[in-house]
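1. how would this look folded up:
(2 chains)
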2 protein chains.
Amino acid sequence: MTTTSTPSTRDRLLDAAAELFYREGVGIGVEALCRAAGVSKRSMYQLFDSKDAVLAASLKRRAAGYESQLLPPQDDQRPPRARILHVFEQLEAASIRPEYRGCPYLATQVELKNPDHPASRVARKVKDGLTAYFRSEAERGGAQDPALLARQLTLVFDGASARAGVGAETLDGLTPATAGALLDAAGIA
Amino acid sequence: MTTTSTPSTRDRLLDAAAELFYREGVGIGVEALCRAAGVSKRSMYQLFDSKDAVLAASLKRRAAGYESQLLPPQDDQRPPRARILHVFEQLEAASIRPEYRGCPYLATQVELKNPDHPASRVARKVKDGLTAYFRSEAERGGAQDPALLARQLTLVFDGASARAGVGAETLDGLTPATAGALLDAAGIA
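-> Numbering: from 1, shown residues only, chains lettered A, B, ... in the order given. Okay, the predicted model is just below:
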């Protein structure tokens, strides 16, 4: 008797799922998913109740990597303005990669069109974390209205990731310039 | 012999398609589409080569309505700043409707993940029209860098429409405030 529910099967499935959903969209079927992961459908259903559960788990698995890609390292001692602009510099660097299709967490929500879907909830939480980071830095920097600034920066981030992801915008310094103007307006030097 | 290729069959199909793709996404199948439109599959294929062609045509059919919803009327005599902010006020008004799912032209591009898809090309052209409007108003208003300001305003518009469309943001004055700060920075009083 073979045991298919090992951690490595689960990880292989979730990594393949994350990549495939990102590249092709949430409409990818179970067949294609299992084929890409090299996992049988039976194994998948032993691990997860549904494709939706795989999608949600694959987004959760990537969350820490997403955050460490965008946010400064723990020992970063720069002032709030630089720490906020860092996120946009990282976004711009990611956006020029040929495989870039925008923020996976925004795209998933746009595609699912259902805020109550388990994967939408995971995505929403990750994005709320980004807004919370902006807000915390805005507070430290003495912004006039930290909550407002954090929402503005999130708009810029999501607009940029969506537009760059669909090939409508090449960024090239656009987002640090835009975020910089909003930081100026909020009084963060 | 019945003639199914009348304008009314085409219009009925495209209106149902626009609504259904907007609400459910581009993954909707031909069966569901024809059922919603009350049109046979045979009729659909007499009019269009593929579902993709229906999607592209449905987006094109809605473009004039989309523009007239967002842009000021022809006889609007207000200065550029007010004419730019008008777009964001219209966006905010649209975003509070229960059926709001974001900008259909951005969502289509995000979902298709293929800039060369005929529907992506239609969507891209409509959004380029919005950026061109911002740029023309920015030029009239004497912006320091009209092209940059137009790109920034489009980022804000798309970020806001995406975030409000997925229920992650309620706007409530956020976009006129954000656009206003960018207009200030560009020197448009």
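2. with adjacent residues omitted, what lies nearest to residue A:19?
-> residue A:36 (7.6 Å; C-beta to C-beta, 6 or more residues apart in numbering or on different chains). All C-beta atoms are positioned from the backbone trio N, CA, C, and that covers glycine.
3. neighbours of the residue of chain A found nearest chain B, how many?
-> With C-beta to the nearest C-beta as the measure, residue A:159 is the residue of chain A nearest to chain B, at 2.9 Å. For residue A:159, the count of nearby residues is 29 (other C-beta atoms under 10 Å in any protein chain shown).
4. that one and residue B:152 touch, don't they?
-> No. The criterion here is C-beta atoms under 8 Å, and residue A:159 misses it with residue B:152 at 9.1 Å.
5. tell me where chain A is predicted with low confidence.
-> Applying pLDDT under 70 to chain A flags the ranges A:1-7.
6. ends of stretch A:111-126, what's the gap?
-> Terminal residues of stretch A:111-126 are spaced 16 Å apart (C-alpha to C-alpha, to the nearest Å).
7. and residue A:49, how far from residue A:30?
-> Distance, residue A:49 to residue A:30, by C-beta to C-beta, to the nearest Å: 12 Å.
8. the two: who's more crowded?
-> residue A:30 (13 against 9).
9. dump the residue contacts of that one.
-> For residue A:30, the contact set (C-beta atoms under 8 Å, 6 or more residues apart in numbering or on different chains) comprises A:41, A:44, A:51.
10. and the helix of greatest length in chain A, which residues are buried?
-> Using DSSP state H, we find that the single longest helix of chain A is helix A:118-140. For helix A:118-140, burial by neighbour count (16 or more other C-beta atoms under 10 Å in any protein chain shown) applies to A:118-120, A:122-124, A:126-127, A:130-131, A:133-135, A:137-138.
11. sticking with residue A:115, tell me its helix or strand.
-> Here residue A:115 sits in a region with no helix or strand, counting by DSSP states H and E.
12. I'd say it and residue A:109 touch.
-> Yes. With contact defined as C-beta under 8 Å, residue A:115 reaches residue A:109; the gap is 7.4 Å.
13. so for these two, which residues contact both of them?
-> Taking C-beta under 8 Å, 6+ apart as the contact rule, residue A:115 and residue A:109 both touch A:124, B:166, B:168.
14. quick one: contacts for the residue nearest to residue A:19?
-> Contacts of residue A:36 by C-beta under 8 Å, 6+ apart are A:16, A:19-20.
15. just curious, which of these is nearest to residue A:75?
-> Comparing those against residue A:75 with C-beta to C-beta picks out residue A:19 as the nearest, at 30.8 Å.
16. I'd like the distance between that closest one and residue A:113.
-> Applying C-beta to C-beta, the value for residue A:19 to residue A:113 is 22 Å.
17. looking at the two, which has the bigger crowd around it?
-> In terms of neighbours (other C-beta under 10 Å), residue A:113 is the more surrounded of residue A:19 and residue A:113; the figures are 20 against 16.
18. quick one: that one and residue B:26 touch, right?
-> No. Judged on C-beta under 8 Å, residue A:113 makes no contact with residue B:26 at a distance of 10.7 Å.
19. helices along chain A, start to end?
-> So, for chain A - with DSSP H - the helices run A:7-24, A:30-37, A:41-47, A:51-70, A:80-95, A:104-112, A:118-140, A:146-165, A:174-186.
20. let's have these in TSV, adding distance to residue B:189.
-> Below are those laid out as TSV (distance: least, C-beta to C-beta, whole Å):
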stretch	distance to residue B:189
helix A:7-24	43
helix A:30-37	54
helix A:41-47	60
helix A:51-70	35
helix A:80-95	26
helix A:104-112	34
helix A:118-140	26
helix A:146-165	20
helix A:174-186	14
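21. so which of the ones you listed is nearest residue B:76?
-> Per C-beta to C-beta, nearest to residue B:76 of the helices of chain A: helix A:146-165, 25.3 Å.
22. now for the closest one, which elements pack on it?
-> Judged by 3 or more C-beta pairs under 8 Å, 6 or more residues apart in numbering or on different chains; DSSP states H and E, the packing partners of helix A:146-165 are helix A:80-95, helix A:104-112, helix A:118-140, helix A:174-186, helix B:104-112, helix B:146-165, helix B:174-185.
23. which one of those helices lies closest to residue B:95?
-> helix B:146-165 (4.0 Å).
24. then the closest one to PDB, C-alphas only?
-> Listed next in PDB are the C-alpha coordinates belonging to helix B:146-165 (Å, rounded to 0.1, in the frame of the first residue of the first chain):
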ATOM      1  CA  PRO B 146       0.800  65.500 -18.600                       C
ATOM      2  CA  ALA B 147       1.800  62.000 -19.800                       C
ATOM      3  CA  LEU B 148       3.000  61.100 -16.300                       C
ATOM      4  CA  LEU B 149      -0.100  62.500 -14.600                       C
ATOM      5  CA  ALA B 150      -2.400  60.700 -17.000                       C
ATOM      6  CA  ARG B 151      -0.600  57.400 -16.100                       C
ATOM      7  CA  GLN B 152      -0.800  58.100 -12.400                       C
ATOM      8  CA  LEU B 153      -4.600  58.900 -12.600                       C
ATOM      9  CA  THR B 154      -5.100  55.600 -14.600                       C
ATOM     10  CA  LEU B 155      -3.300  53.700 -11.800                       C
ATOM     11  CA  VAL B 156      -5.600  55.200  -9.200                       C
ATOM     12  CA  PHE B 157      -8.700  54.500 -11.400                       C
ATOM     13  CA  ASP B 158      -7.800  50.900 -12.000                       C
ATOM     14  CA  GLY B 159      -6.600  50.200  -8.400                       C
ATOM     15  CA  ALA B 160      -9.800  51.700  -7.100                       C
ATOM     16  CA  SER B 161     -12.100  49.900  -9.500                       C
ATOM     17  CA  ALA B 162     -10.400  46.600  -8.800                       C
ATOM     18  CA  ARG B 163     -10.400  47.000  -5.000                       C
ATOM     19  CA  ALA B 164     -14.000  48.200  -4.900                       C
ATOM     20  CA  GLY B 165     -15.100  45.600  -7.400                       C
END
